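> Pasting the sequence and the predicted model now:
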Amino acid sequence: MKQALSRFSTACLLALVATTAAFAQGTAKPAELKVGITTFTSGAASVFGVPAKTAAEIWIDDFNAAGGIGGVKLVPVFVDEGLGGDKFLSEYRRVVQDQNVTVMLASISSGNCNVVAPVAEDLKVMNIMWDCGTEKVLEEKRYKYVFRTTSNATTEMVAAVLHLLRTKPDFKTIAVVNQDYAWGRDSWELFRNTLMTLKPDTKVVGEFFPKFGAPDFSTEITRLQALKPDVVLSTAWGGDLDTFVRQAGQRGLMKNAQFVLPLAESSLERLGKDMPDGVIVGMRGDAYFADPEFKDDAKVKAFTQKFKAKTGNYPIYPVSHVTQGLQALTDAYAAAIKANGGQWPSTEQAADALRTLEFRSLSRPIRMRADGQALQGQLLGVTRTPAGGAFAAIDQLTYIPADLVTTPVGQKSPEWVKTLKPELIKSDRIKNVGAAVVPK
């Protein structure tokens, strides 16, 4: 009896040792790594989401051709964010649970990011928010599996206010026309709080929130023409922004106010001559295909040429955002493999590596921090259509470092921006980059 118990105890001990050793070595190396990527492939936002899908396909093809992650190739599984609400969330769950997707890149819409973040945490799937801007998703809760590999609304809105105050400081009134959902509301709150802190005598004369995907802005434009604000802000994007700019231009509104469009880089080529000169525009981060700092950068030039050859158009900032998410994902896995003695890592080990990662895609280097938020600087400038050009480029480009305009870990953005000091406007760390260099 004692001998039987001894043999049983020894067997249990050996099994425990083997299990522990296997865990220490990591997860079995897969034949492929499935990556779910959510983007708008239908609806008004598809003008934003389809180029991102194309960019992901180009990037993944190149990455796989170069050997993948130690021989493991990426297999994309795309999900249309245009499905809306419940259908989108159901599809998100399905690809994770039924198709064995290991990592999700989700999403574009701030509303969707707010929804999928807790679901990713429950499913224990690493979720990289590759584009959405709402700062609240990582400030209101700390996640283990959820990250954002681009800047957030705070970084962008504070930078936009600084640029406005540095270049057009003498305005007295402002109005806003924003999409009526999380991004539109949150970004305006941040812009307004920052502006009232740094220029408290500004008067807000109008706040308009048309529905997402609105086909007509005549009501808002009529009201703006009556109010005559010095500045009109819109953080709209995609098809909504295109429609607003065209209709505002046709009605003459853009001649009578300084427009500030922090996301308009993605609309410039589509709008063509409908975008007038002198509009302050940005690009959610610092990736711009015509950035003079990267005119001779081999990596940026090669990708721009491939994208242009495949689509007939130049890359827009969501193109850079999706490549940032893929670059961060693959760099994190490579770092985790190295830390794991060459063995394939678990999802948790890859997530740990991502949290301390510094990486570079098509812009300046980006650094991740403890709360899962990336630190990425901002580029802003003013529109100027070159002689003979088909669409506006961005002139007077200004680079604003991320740490100047990003809420510190553990603080809430709407309150943090109220602590900013006027001397920030004249910081010598804010640099003039120059004018766009549009490839021939």
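Structure received.
> roughly how far out does the helix or strand harbouring residue 322 sit from the chain middle?
Using DSSP states H and E, residue 322 falls within helix 317-339. Relative to the mean C-alpha coordinate of its chain, helix 317-339 is positioned 14 Å out (CA atoms, centre = their mean, to the nearest Å).
> swap in stretch 56-68?
Put simply, stretch 56-68 sits 21 Å off its chain's centre (CA atoms, centre = their mean).
> Equivalent analysis for stretch 402-413, please.
Using CA atoms, centre = their mean, the offset of stretch 402-413 from its chain centre is 16 Å.
> Check stretch 400-412 too.
Remark: stretch 400-412 is offset 16 Å from the chain centroid, using CA atoms, centre = their mean.
> Show me what counts as buried in that stretch.
400-402, 404-407 (16 or more other CB atoms under 10 Å). C-beta here means a position set from N, CA and C on the backbone, and glycine is covered the same way.
> Check stretch 321-339 too.
Residues of stretch 321-339 classed as buried by neighbour count (16+ other CB under 10 Å): 321-337.
> So for that stretch, mean pLDDT?
In this model, stretch 321-339 has a mean pLDDT of 98.
> related to what we said a few turns ago, among the buried residues of stretch 400-412, which are located in strands?
Of the buried residues of stretch 400-412, the ones assigned to strands by DSSP state E are residue 400.
> Next, format the buried residues of stretch 400-412 as JSON lines and append pLDDT and distance to residue 200.
Listed next are these as JSON lines, based on pLDDT from 0 to 100; distance: CB to CB, whole Å:
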{"residue": "400", "pLDDT": "98", "distance to residue 200": "21"}
{"residue": "401", "pLDDT": "98", "distance to residue 200": "25"}
{"residue": "402", "pLDDT": "98", "distance to residue 200": "26"}
{"residue": "404", "pLDDT": "98", "distance to residue 200": "20"}
{"residue": "405", "pLDDT": "98", "distance to residue 200": "19"}
{"residue": "406", "pLDDT": "98", "distance to residue 200": "23"}
{"residue": "407", "pLDDT": "98", "distance to residue 200": "20"}
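> among the buried residues of stretch 400-412, which are in helices?
Those of the buried residues of stretch 400-412 mapping onto helices are 402, 404-405, per DSSP state H.
> just the residues you listed now: which is nearest residue 144?
For these, the residue nearest residue 144 by CB to CB is residue 402; the value is 23.3 Å.
> how about the closest one, what does it touch?
For residue 402, the contact set (CB atoms under 8 Å, 6 or more residues apart in numbering) comprises 151, 155, 375-378.
> farthest pair in these?
Greatest spatial distance in the contacts of residue 402: 375 and 378, 11.0 Å, computed using CB to CB.
> For those two, indicate the residue with more neighbours.
Neighbours were tallied for residue 375 and for residue 378 using other CB atoms under 10 Å; the higher tally belongs to residue 378 (28 against 17).
> got the buried residues of stretch 400-412 as CSV, with distance to residue 385 columns?
What follows is the buried residues of stretch 400-412, written out as CSV (distance: CB to CB, whole Å):
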residue, distance to residue 385
400, 24
401, 29
402, 30
404, 30
405, 29
406, 32
407, 36
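> ok, residue 327 touching residue 360?
Yes. Counting by CB atoms under 8 Å, residue 360 is a contact partner of residue 327 at 7.3 Å.
> related to what we said a few turns ago, report the set of residues contacting both of residue 375 and residue 378.
Contacts common to residue 375 and residue 378, judged by CB under 8 Å, 6+ apart, are 151, 402.
> what ranges do the strands span in the stretch 151-300 of the chain?
Using DSSP state E, counting those that start in this stretch, the strands found in the stretch 151-300 of the chain span residues 173-177, 203-208, 231-233, 258-261, 280-282.
> CA atoms of the fourth one as PDB?
Below are the C-alpha coordinates for strand 258-261, written out as PDB (Å, rounded to 0.1, in the frame of the first residue of the first chain):
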ATOM      1  CA  GLN A 258     -11.200  80.200 -39.400                       C
ATOM      2  CA  PHE A 259     -12.000  76.500 -39.700                       C
ATOM      3  CA  VAL A 260     -10.100  74.100 -37.400                       C
ATOM      4  CA  LEU A 261     -10.400  70.400 -38.600                       C
END
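> quick one: contacts of it?
With contact meaning CB under 8 Å, 6+ apart, strand 258-261 is reached by 160, 164, 168, 171, 230-236, 241, 245, 248, 267, 278-282.
> So what are the sheet partners of that strand and their directions?
The pairing partners recorded for strand 258-261 under DSSP bridges are strand 231-233 (parallel), strand 280-282 (parallel).
> thinking again about what came up before, can you tell me which of the contacts of strand 258-261 are buried?
Those of the contacts of strand 258-261 that meet the buried threshold are 160, 164, 171, 230-236, 241, 245, 248, 267, 279-282, by 16+ other CB under 10 Å.
> Now do the same contact list for the residue nearest to residue 183 when sequence neighbours are not counted.
Excluding the flanking residues, the one nearest residue 183 by CB to CB, 6 or more residues apart in numbering is residue 110, at 4.0 Å. With contacts defined as CB under 8 Å, 6+ apart, residue 110 is in contact with 132-134, 137, 153, 181-183, 186.
> Now the two most distant members of these.
Checking the contacts of residue 110 with CB to CB, the most distant pair is 137 and 181, at 13.6 Å.
> out of these two, which sits in the more crowded spot?
Set side by side, residue 137 and residue 181 show more neighbours around residue 137, with 25 against 18, by other CB under 10 Å.
> what about the nearest residue to residue 49 once chain neighbours are set aside, how many neighbours?
Of all residues not flanking residue 49 in the chain, residue 40 sits nearest, at 3.0 Å (CB to CB, 6+ apart). Residue 40: 25 surrounding residues under other CB under 10 Å.
> okay, residue 40: pLDDT?
So residue 40 comes in at 96 (pLDDT).
> Is it correct that residue 281 is in contact with residue 383?
Yes. Counting by CB under 8 Å, residue 383 is a contact partner of residue 281 at 5.9 Å.
> where do the contact lists of these two overlap?
The contact lists of residue 281 and residue 383 share 264, 268, 394, where a contact means CB under 8 Å, 6+ apart.
> Can you give me the neighbour number for the first one?
This means residue 264. 27.
> ok, it to residue 275 distance?
Noted for residue 264: a distance of 7 Å to residue 275, by CB to CB, to the nearest Å.
> so what's in contact with these two at the same time?
With CB under 8 Å, 6+ apart, residue 264 and residue 275 have common neighbours 245, 383.
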